[in-house]
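Asker: Sequence plus predicted model, see below.
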Amino acid sequence: MKEEIQINPDNFKDKKKELLRFLMGYKFALEQLKTKIELLKNEFKHIHEYNPIEHVASRVKTPESIMRKVQKKGCPLTIDSIRENIRDIAGLRITCSFESDIHVLHKMLEEHGDVDIIEEKNYINEPKGNGYRSLHLIVKVPVFMSDREEHVFVEIQIRTIAMDFWASLEHKIYYKYNKEIPDHIKQDLAATAEVAHQLDKKMEALHTEVNLIKSNHQAEEEAETIEINDELFRLPMNFINRLSQANWL
């Protein structure tokens, strides 16, 4: 006779709560990061009159996806082991207009006091073999729960619009062919990745040129304003000097 497995209801309830807290920690970490990014967007908009952030997307892996990753890595099936070994459970993707914006955001995150960058993979300077470009960061974010403080890993991907467009289409093609892409399509994808890279470079050059024209134009306007103000200032002084000489003052 097959022995029935007895489940302790109280123990099951505690495990369920612990799992819920575990997943909520990643959700809260993402919310904190999204708030920080939103503050940066507002600062750039009002102080620098330029916003380097085009779009922000986030996700937390499902329990099923986490389990597949655990099995793939072969790590122990415990909360502590999963927390330490699976560092992309929470993911944040930031899309920028230009490649230079990626470096600006990277520096800001480095200088942020409560965001620790644990790992970097720069696929912009060293693209993957298929042509993929992006900056991947693993950061650790403090999360304050009702009875504890936890430090949660979050993966941040920062890429340009062109990089994101290419990566999204490559991902769809990859899974359409069930991860077995014909060689000629792989070659075409690598070629289009280079086209996207050249587009990024060209658009950034145009952006830099427009900014230079704008800067020169503003400098000319400021010079004209100063010259006009100086003239307005000289007239009253001349007038006052003449009054003084005529003993009117």
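Answerer: That came through fine.

Asker: neighbours around H48, how many?
Answerer: By other C-beta atoms under 10 Å, the residues close to H48 number 10. C-betas here are computed from N, CA, C, even on glycine.

Asker: And E18, by the same measure?
Answerer: 10.

Asker: tell me which element the residue nearest the centre of the chain is part of?
Answerer: Centroid-nearest residue in the chain, with C-alpha atoms, centre = their mean: I94, separated by 3.5 Å. In this structure, I94 sits in strand 90-96 according to DSSP states H and E.

Asker: which residues touch D147?
Answerer: Residues in contact with D147 (C-beta atoms under 8 Å, 6 or more residues apart in numbering): none are found.

Asker: so which strand or helix has it?
Answerer: Here D147, judged by DSSP H and E, is contained in no helix and no strand.

Asker: Please report phi then psi for it.
Answerer: When read as degrees, to the nearest 10, the backbone of D147 gives phi -130, psi 10.

Asker: The one 10 residues further on too?
Answerer: Dihedral angles phi and psi of Q157 (degrees, to the nearest 10) take the values phi -110, psi 130.

Asker: Enumerate every residue touching it.
Answerer: Contacts of Q157 (C-beta under 8 Å, 6+ apart): 91-94, 134-137.

Asker: about what we covered before: where does the residue nearest to the residue nearest to the centre of the chain when sequence neighbours are not counted fall, secondary structure wise?
Answerer: Once flanking residues are discounted, I94 sits nearest to I158: 4.7 Å by C-beta to C-beta, 6 or more residues apart in numbering. According to DSSP H and E, I158 maps onto strand 149-160.

Asker: what's the answer for R133, then?
Answerer: Applying DSSP H and E as the criterion places R133 outside every helix and strand.

Asker: give me phi/psi at it?
Answerer: The phi/psi pair for R133 (degrees, to the nearest 10) reads phi -130, psi 140.

Asker: all helices for the chain, in order.
Answerer: 9-43, 63-73, 79-85, 99-111, 161-176, 183-245 (DSSP state H).

Asker: and the angle for the first one with helix 63-73?
Answerer: Computed with axes from the mean of the first three to the mean of the last three C-alpha atoms, to 10 degrees, the direction of helix 9-43 lies at 90 degrees from that of helix 63-73.
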